[in-house]
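Colleague: The sequence and its predicted three-dimensional model are supplied below.
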Amino acid sequence: MSKHSTIHNTFVIERNLPHPPQRVYAAFATAEGKARWFAGPADWKTQIREFDFRIGGRERLQGKWPNGKVSDFSAHYMDIVPERRIIYAYDMHIDGERISASLATVEFIGDGAGTRLKVTEQGAYLDSFDKPEMREHGTQHLMDKMAASLEAAAS
């Protein structure tokens, strides 16, 4: 008997950042900007990093954890409106096993001299390998790293 299951979930993360939309957008839209924050922790070793930021382009980040597990993020850019919106579909694998498939929308909303960043993710979490609260926590952590990378670049 098959133990296949799917959990669907949507979450929204919003941040008010003291940087103009073009700077925040560049943290997502340039290879250099994204590499500053989009990675695993210090003990995680990058194996593959590919970045083709355009409609129809692909991004991939694969790395190995100290316990030997390999995580693999593979995205396809579906819509890009510079300094306004990025929409991409992605799936995650652990040791070659698909654990989720998601649609993510990143919005950059000018707010005075800063930016209100809004990240909406709709996910299908597969076969109990991943859970919505784990993905939301991980995305919150990545947004913290992205904000810190902008602050470091500003100083």
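Modeller: Yes, it's here. Numbers count the residues shown, from 1 in each chain.
Colleague: Quick check, central residue of this structure?
Modeller: To find the centre residue of the chain, average its C-alpha atoms and take the closest one (C-alpha atoms, centre = their mean): that gives residue 139, at 6.5 Å.
Colleague: buried set for the top strand by length along the chain?
Modeller: Secondary structure of the chain per DSSP state E: the longest strand is strand 97-111. Buried residues in strand 97-111, counting neighbours by 16 or more other C-beta atoms under 10 Å, are found at 98, 99, 100, 102, 104, 105, 106, 107, 108. From N, CA and C alone the C-beta is placed, and that goes for glycine too.
Colleague: outside of it, which residues touch it?
Modeller: If you take C-beta atoms under 8 Å, 6 or more residues apart in numbering as the criterion, strand 97-111 is touched by 16, 20-21, 24-25, 28, 83-93, 115-127, 129-130, 135.
Colleague: Over to stretch 69-87?
Modeller: Counting by C-beta under 8 Å, 6+ apart, 21-22, 25, 28-29, 40, 44, 47-48, 52-65, 88-96, 103-108 sit against stretch 69-87.
Colleague: and the direction of the lengthiest helix in the chain versus that of strand 97-111, what angle?
Modeller: Across the chain, the longest stretch assigned as helix under DSSP state H is helix 132-154. The directions of helix 132-154 and strand 97-111 differ by 50 degrees, with axes from the mean of the first three to the mean of the last three C-alpha atoms, to 10 degrees as the criterion.
Colleague: Work out the gap between helix 132-154 and the centre of the chain.
Modeller: Here helix 132-154 shows a centroid-to-chain-centroid distance of 9 Å under the convention C-alpha atoms, centre = their mean, to the nearest Å.
Colleague: In that helix, which residues are buried?
Modeller: 132, 135, 136, 139, 143, 146, 147, 149, 150.
Colleague: Does the fifth one touch residue 117 like I think?
Modeller: It refers to residue 143. Yes: under the criterion of C-beta atoms under 8 Å, residue 143 makes contact with residue 117 at 7.4 Å.
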